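1. Need the 3D shape of this:
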Amino acid sequence: MSKLIIVESPTKAKTISKFLGDDFKIESSYGHIRDLPKSKLGIDIENNFEPKYVIPTKARKRVNELKKEAEKSEEVILATDEDREGEAISWHLVQALNLENARTKRIVFHEITEKAIKEALKNPREIDLNLVDAQQARRILDRFVGYELSPFLWKKVFKGLSAGRVQSVAVRLIVDREREIEAFKPEEYWSIEAELSKGRSFAIAKDRPLLLLAKLIKKDEKLLDKFEIKDQKSADKIIKDLQDADYIVEKIEKKETKRNPNAPFTTSTLQQEANNKLRFSAKQTMMFAQQLYENGHITYMRTDSVNLSEDSLKSAREVIAKKFGKEFSLASPRRFKTKSKGAQEAHEAIRPTDPSKTPESIKNSLDSKQFKLYDLIWRRFIACQMKEAIFDSTTVDILGHSVSNGHRVSSVYTFRANGQVLKFEGWLKVYNSIINENELPELKEKESLKLIKITPNQHFTEPPPRYTEALLVKTLEEYGIGRPSTYAPTISTIQARNYIAKNEHRKFYPTETGIMVNDLLVEHFPQIVDVGFTAKMEEDFDEIAEGKKKWVPIIKEFYGPFHKILEEKYESVEKQNTDEETDEICDKCGKPMIIKYGRFGKFMACSGFPECKNTKNIKKEPQTIGMKCPKCEGGEVVIKRTKRGRIFYGCSHYPECNYASWQNPLQKKD
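-> As a prediction, the model looks like this:
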């Protein structure tokens, strides 16, 4: 009799089968094989919130096949992922397949390699029921919010709406940020820069610059804060003082500075960096990472740990010495500490399973998106074990003595110039990062400089930025909202529900529907959309996973007050009147048309509903970019979208003019 190993995906099963002989049969469960029913709540509130799991129709055939395989196997080995979700899948398999404890084992591994699989088989363990309970608690709590609060929104706003525990908080962050931007009042301030020359007589080295740009930082030894120069009048007064000033080098400070690499990737930092560098959404990043993991290329991609195994550190050192030279490798490994709030599932950072497999060496076995992500992961890991980048940094302070009628007056202005030149690449040789190099001319203290020009610069304070996917993931992590496995589905869900959307700069803004739902929840269910409360629930789940708390009391503590408030709100909250009158007449029955809200925003409908079901889409005014069409010069360039949602720029006089561009013509380079 052979031994049966059950994993979640067929790709994972195929990879594991490469490492094991005929004594093992590897099968896939194709994800979860049990869940709460879709048609009803599925939780016995009167019986300690016991969940009533069912086997979905699509999973029944697979469950029967696995049962037959399990019955004829000597041993059943559950090898699902090493996190709460994976632990829960293994537990559900035990229940659904009626597996006997005596011949059932649970194994875990952080990477799908021959060594890791064989090591796991030598060290089986029992299913961790604390992890299962933590997953169940989250699932049940989310079910209560979704199944009890969503019908309330249908009744009080309109059908098709839904609420989610973590999702609603994410929407609130975006709505609150939008209101901060709308309420923002810019504040004026000025800065002053001097362009100075050391003079031809001092031009010793031909490869060194003769000019330097210095910024005003002090007046009479007093540091000027950001808003010290409030307006043009104040700036002009200073410039008048400085036009005929003497400029002398007061102080030169030279030092060597080092820049350390970032830690290897966690789920959150991978999603942020892939969004910034590759323009991948969090959902795309996790999909490609899952594929790389299941094919044995990277370690498990749902983690908030920055730990690295001793084997990987040793291998990294060998790769660095061989590929880049011994001068780039460390004498001893660099180790990192996990900083994320409420870190759990802390096993190891995301890294290549075999650092010697460079991106180029496996490029032919990957598609273009997988390759880009693997390349990013490999470079980040290798970089974190390379020596620091070293810069020669120079700070020069220059005094400007103002002159009046040929005599120096009391005011003394201090300008500062900063220079930085890369001396040793270190980890920057493998991982691209922004470097601002600025070489200053060779100067001496007490040296006189010549003023070329002095420039006042007007500035205005900027509103807080809208969230990109990267910034939203970072914020969710900082607040302790959700966990590594939840960031991507949370962001994906609130976009699919049309609560938020992206503008042409890939930044989120709330839709009218999102604002309406958020405001209702904030007013009537403030706890549900409270950042602190949601983070506290995550901490409770963590303590359940660690065996410090039981899940039933936590659910009971939440559900009692929540259900009571919900019942009260059904009575006290009036239905929101979102209809808007129009002058348009229904072309089918002659009654007035009205503007209504739906799941996907506004639409026009006949006021005679339900007798007349006529509806129309509302034409949205195209957004212009403030530029005439470069082709016909008559129309305006407007922002458009393809059927797949990709943004492009076209002429407002289409189809008479067919001008189109993928790139914003205002940003096109000559």
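2. Please count neighbours and contacts with C-alpha atoms only from this point.
-> Noted.
3. all helices of the stretch 251-400 of the chain, in order?
-> Taking DSSP state H, counting those that start in this stretch as the criterion, the stretch 251-400 of the chain contains helices spanning 267-273, 282-294, 310-323, 368-383.
4. now those in CSV, with mean neighbour count, distance to Glu546 and mean pLDDT?
-> Conversion of the helices of the stretch 251-400 of the chain to CSV gives the following (neighbours: other C-alpha atoms under 10 Å; distance: least, C-alpha to C-alpha, whole Å; pLDDT from 0 to 100):
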stretch, mean neighbour count, distance to Glu546, mean pLDDT
helix 267-273, 23, 21, 96
helix 282-294, 21, 26, 96
helix 310-323, 16, 26, 96
helix 368-383, 21, 29, 97
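5. Need the per-residue pLDDT for Arg200.
-> Looking at Arg200, its pLDDT reads 52.
6. for Lys12, that is, sorry about that
-> pLDDT, Lys12: 95.
7. Just give the closest residue to it, not the sequence neighbours.
-> Closest residue to Lys12 apart from its sequence neighbours, by C-alpha to C-alpha, 6 or more residues apart in numbering: Glu294 at 4.6 Å.
8. so who does that neighbour touch?
-> 11-12, 15, 112 (C-alpha atoms under 8 Å, 6 or more residues apart in numbering).
9. I'd like those as a markdown table, with neighbour count, secondary structure and distance to Thr80 appended.
-> Shown next, in a markdown table, are the contacts of Glu294 (neighbours: other C-alpha atoms under 10 Å; DSSP: H, G, I helix; E, B strand; the rest coil; distance: C-alpha to C-alpha, whole Å):
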| residue | neighbour count | secondary structure | distance to Thr80 |
| --- | --- | --- | --- |
| Thr11 | 17 | helix | 13 |
| Lys12 | 23 | helix | 10 |
| Thr15 | 18 | helix | 14 |
| Ile112 | 22 | coil | 11 |
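10. out of those, which one sits closest to Gly598?
-> Of all the contacts of Glu294, Gly598 sits closest to Thr11, with 39.8 Å by C-alpha to C-alpha.
11. show me the contacts for that closest one.
-> Listed by C-alpha under 8 Å, 6+ apart, the contact partners of Thr11 are 294-295.
12. where's it relative to Gln136, distance?
-> 27 Å (C-alpha to C-alpha, to the nearest Å).
13. for Glu188, same thing?
-> Taking C-alpha to C-alpha as the measure, Glu188 falls 53 Å from Gln136.
14. what's Met604 in contact with, if anything?
-> Residues in contact with Met604, defined by C-alpha under 8 Å, 6+ apart, are 593-596, 615-618.
15. switch to 10 Å and redo it
-> Going by C-alpha atoms under 10 Å, 6 or more residues apart in numbering, Met604 touches 579-582, 584, 586, 593-598, 614-618.
16. and if you look at Gln243?
-> Gln243 touches 400, 402-403, 451-454, counting by C-alpha under 10 Å, 6+ apart.
17. Can you show me the CA trace of the biggest strand by length in the chain as CSV?
-> Secondary structure of the chain per DSSP state E: the longest strand is strand 407-424. Written as CSV, here are the backbone C-alpha positions of strand 407-424 (Å, rounded to 0.1, in the frame of the first residue of the first chain):
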residue,chain,number,x,y,z
HIS,A,407,30.1,98.6,3.7
ARG,A,408,29.2,95.3,5.3
VAL,A,409,26.0,95.5,7.4
SER,A,410,24.9,93.3,10.3
SER,A,411,23.0,90.6,8.5
VAL,A,412,24.9,87.4,7.8
TYR,A,413,23.2,84.7,5.7
THR,A,414,24.3,81.0,5.7
PHE,A,415,23.9,78.8,2.6
ARG,A,416,24.5,75.1,2.6
ALA,A,417,25.5,72.8,-0.3
ASN,A,418,25.5,69.1,0.0
GLY,A,419,27.5,66.7,-2.1
GLN,A,420,27.5,62.9,-2.4
VAL,A,421,29.5,60.6,-4.6
LEU,A,422,29.3,56.8,-4.7
LYS,A,423,32.6,55.3,-3.6
PHE,A,424,31.7,51.6,-3.4
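18. Mean confidence (pLDDT) on that strand, please.
-> Mean pLDDT, computed over strand 407-424, is 86.
19. Which other helices and strands does it contact?
-> If you count contacts as 3 or more C-alpha pairs under 10 Å, 6 or more residues apart in numbering; DSSP states H and E, strand 407-424 packs onto strand 188-197, strand 211-219, strand 222-223, helix 232-242, strand 246-259, strand 389-404.
20. per-stretch mean pLDDT over these, give me the minimum one.
-> Among the helices and strands packed on strand 407-424, strand 389-404 scores lowest, with a mean of 90.
21. any idea which helix or strand of this protein has the worst average confidence?
-> Least confident helix or strand, the chain: strand 623-628 with a mean of 80, by mean pLDDT, DSSP states H and E.
22. Redo the helices of the stretch 251-400 of the chain as CSV? Include distance to His32.
-> Output for those, formatted as CSV (distance: least, C-alpha to C-alpha, whole Å):
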stretch, distance to His32
helix 267-273, 22
helix 282-294, 16
helix 310-323, 32
helix 368-383, 25
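23. and Gly31, which of these is closest to it?
-> helix 282-294 (13.0 Å).
24. Please find the angle between the direction vectors of the closest one and helix 368-383.
-> 80 degrees (axes from the mean of the first three to the mean of the last three C-alpha atoms, to 10 degrees).
25. still on that earlier bit, so which of the helices and strands packed on strand 407-424 is the most surrounded?
-> Comparing the helices and strands packed on strand 407-424 by mean neighbour count (mean count of other C-alpha atoms under 10 Å), strand 389-404 ranks first with a mean of 20.
26. that older thread, next SSE downstream of the longest strand of the chain?
-> The helix or strand immediately downstream of strand 407-424 is strand 448-460, counting by DSSP states H and E.
27. same for that next one, what does it pack against?
-> strand 188-197, strand 211-219, helix 232-242, strand 246-259, strand 389-404.
28. how much distance is there from the helix or strand following it to the middle of the chain?
-> Using DSSP H and E, the helix or strand that follows strand 448-460 in sequence is helix 469-479. Helix 469-479 has its C-alpha centroid displaced from the chain centroid by 6 Å (C-alpha atoms, centre = their mean, to the nearest Å).
29. Buried residues, helix 469-479. List them.
-> Residues 469-474, 476-477, 479 are the ones in helix 469-479 that count as buried (16 or more other C-alpha atoms under 10 Å).
30. now the angle from it to helix 282-294?
-> Orientation check (the same axes, to 10 degrees): helix 469-479 against helix 282-294 gives 80 degrees.
31. Show the subsequent helix or strand relative to helix 469-479.
-> The helix or strand immediately downstream of helix 469-479 is helix 487-496, counting by DSSP H and E.
32. Please determine how far the spatially closest residue to Glu188 that is not a sequence neighbour is located from His32.
-> Excluding the flanking residues, the one nearest Glu188 by C-alpha to C-alpha, 6+ apart is Phe460, at 4.5 Å. For Phe460, the distance to His32 equals 53 Å [C-alpha to C-alpha].
33. any idea how far Lys423 lies from Ser329?
-> Taking C-alpha to C-alpha, one finds Lys423 at 17 Å from Ser329.
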